[in-house]
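>>> predicted structure and sequence below. I'll ask about it afterward.
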Amino acid sequence: MSSPAMPPIPEIDDLHDDALARALQHALDHKTKPLGSLGRLERLALRIGAILGSAAPRLREPQMLVCAADHGLAARGVSAYPSDVTWQMVENFLAGGAAVSVLARQHGLALTVVDCGVRHDFAPRAGLQIRKIAPGTADALEGPAMSAAQRDEAIANGRGLVRALPGNALLLGEMGIGNTSAASLLLARLGGFDVADVTGAGTGLDAEAVVRKIGVLRAVLQRHEAARDPLAALAAFGGFEIATLVGAVLQSAAERRVIVVDGFIATSAVLVASQLRPHVLQRCVFAHRSGERGHALMLAHLRAEPLLDLGLRLGEGSGAALAWPLLTSACAVLNEMASFESAGVSTAGSDAAVART
């Protein structure tokens with residue numbers, strides 16, 4: 001019997017465009033302000049303009065995609081919460097009561113929740129997409145969390161979900177009891193870190209439970225010593241929601257959507273996607289640095305500069321939603337702020353604003 005084919009991975013080109021970069025910088029430098037005085041907001045505007053290929057970028061119909069799944073490894077006590085919380089929180093998302101639901105409403109983000117592999121059957125309703133691979137991944141201490149075929153199906157599901165969504169911006173969210181363990185395993189293996197350095201309390205484990213969690217994860221890494229490349233590691237460690245997000249990231253990058261990355265688990269999907277297609281990172285805006293122990297190391301590994309640092313460790317896409325107004329402000333500055341010439345405002349005596357053009 002032949003081995004399963006590798007999942008189709010889209011080509012993702014280098015976005016670098018000298019002429020566009022000059023046009024964006026020229027526009028920012030001629031706004032009615034001292035050079036660089038809007039700090040990182042200006043760098044954010046440059047990035048959004050580069051992603052969207054425009055010196056006057058406009059964000060349209062932003063989509064929050066929350067992918068949910070269960071993890072077999074949760075039975076090993078790696079989370080403070082039982083697995084049933086996964087499906088209960090999906091119901092909470094759909095009822096509008098979760099943090100990400102509230103924040104998505106506040107900021108005008110269309111929310112889509114995806115059952116990628118939750119151990120529960122949901123009644124069909126608006127805002128829910130069923131892409132269930134299986135009722136949770138297998139226990140990664142006993143074997144691969146998912147087969148290669150399951151991994152590939154999840155990646156394909158993520159790509160298909162994005163193709164069906166409108167807009168030019170995707171915000172990443174997730175839910176899955178046990179998924180901080182999967183993210184820690186992916187970072188340890190793909191980033192070359194000791195698992196103890198990238199494993200934290202997750203949903204609220206005490207110090208003794210964190211030590212036990214590290215022991216479980218170290219055993220999982222030893223069990224899958226041969227899983228070294230990003231696709232092999234993804235299959236070995238899971239989860240279905242992370243693999244679906246990998247596909248969503250790849251498709252969004254291929255379509256030049258702005259990808260707003262939430263916390264530790266969402267960033268682990270970007271880690272995998274970027275090892276498959278490095279130019280993915282050019283399309284990403286990293287919303288925040290979470291309170292989960294490994295996230296700062298993951299961001300540093302990706303050379304990513306997060307917008308916020310609020311001590312968040314909720315997931316769901318909550319940090320991405322909180323950062324969203326900064327993206328809309330960056331575009332507003334480019335599109336609506338007056339230039340020195342249009343406002344009739346004198347430049348500095350040295351004409352510094354013109355010197356860089």
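Perfect, thanks for sending it.

>>> domains of this protein?
Structural domains annotated on the chain: 18-58+332-355, 63-329, as defined by automatic domain parsing.

>>> right, so these: which one is the most enclosed?
Counting by mean count of other Cβ atoms under 10 Å, domain 63-329 has the highest mean neighbour count of the domains of the chain, with a mean of 22. Quick note: C-beta positions are derived from backbone N, CA and C, even for glycine.

>>> and that one, what's its mean pLDDT?
Rounded to a whole number, the mean pLDDT of domain 63-329 is 96.

>>> how far does it sit from the chain's center?
Centre-to-centre, domain 63-329 and its host chain are 7 Å apart (Cα atoms, centre = their mean, to the nearest Å).

>>> follow-up on the earlier one: out of the domains of the chain, nearest to Pro8?
Among these, the nearest to Pro8 by Cβ to Cβ is domain 63-329 (7.5 Å).

>>> which residues in the stretch 201-350 of the chain form helices?
207-223, 230-237, 240-254, 264-276, 295-302, 318-336, 340-343 (DSSP state H, counting those that start in this stretch).

>>> okay, angle between the third one and helix 230-237 too, please.
Here helix 240-254 runs at an angle of 160 degrees relative to helix 230-237 (axes from the mean of the first three to the mean of the last three Cα atoms, to 10 degrees).

>>> quick check: angle from helix 240-254 to helix 264-276?
Here helix 240-254 runs at an angle of 50 degrees relative to helix 264-276 (the same axes, to 10 degrees).

>>> helix 240-254 packs against which elements?
Taking 3 or more Cβ pairs under 8 Å, 6 or more residues apart in numbering; DSSP states H and E as contact, the helices and strands that helix 240-254 lies on are strand 63-69, strand 110-117, helix 148-163, strand 169-175, helix 179-191, helix 230-237, strand 258-261, helix 264-276.

>>> of all the helices of the stretch 201-350 of the chain, which one is nearest Ala182?
helix 230-237 (5.1 Å).

>>> show me what that closest one is packed up against.
helix 148-163, helix 179-191, helix 240-254, helix 264-276.

>>> so which elements touch the second one?
Which is helix 179-191. Packing partners of helix 179-191 (3+ Cβ pairs under 8 Å, 6+ apart): helix 207-223, helix 230-237, helix 240-254, helix 264-276, helix 295-302.

>>> if we use 6 Å, what do you get?
helix 207-223, helix 230-237, helix 264-276 (3 or more Cβ pairs under 6 Å, 6 or more residues apart in numbering; DSSP states H and E).

>>> columns distance to Ala27 on top of those, output as a markdown table?
Formatted as a markdown table, those follow (distance: least, Cβ to Cβ, whole Å):
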| stretch | distance to Ala27 |
| --- | --- |
| helix 207-223 | 48 |
| helix 230-237 | 37 |
| helix 264-276 | 28 |
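
>>> to Val345, which of those helices lies closest?
Closest to Val345 of those is helix 264-276 (Cβ to Cβ; 40.9 Å).

>>> tilt between the closest one and helix 295-302?
On the basis of the same axes, to 10 degrees, helix 264-276 is oriented at 20 degrees to helix 295-302.

>>> tell me what helix 264-276 is packed against?
Contacts defined by 3+ Cβ pairs under 6 Å, 6+ apart place helix 264-276 against strand 169-175, helix 179-191, helix 230-237, helix 240-254.

>>> which element, helix or strand, includes Arg22?
Per DSSP states H and E, Arg22 falls inside helix 18-29.

>>> chain center to that helix, what's the gap?
Put simply, helix 18-29 sits 27 Å off its chain's centre (Cα atoms, centre = their mean).

>>> just stretch 328-335 next, same as before
22 Å.

>>> need the nearest residue in space to the spatially most central residue of the chain, chain neighbours excluded.
Centroid check for the chain by Cα atoms, centre = their mean gives Val261 as the closest residue, at 3.2 Å. Among residues not flanking Val261 along the chain, Phe286 sits closest, at 4.9 Å (Cβ to Cβ, 6 or more residues apart in numbering).

>>> gap between the one you found and Arg40?
12 Å (Cβ to Cβ, to the nearest Å).
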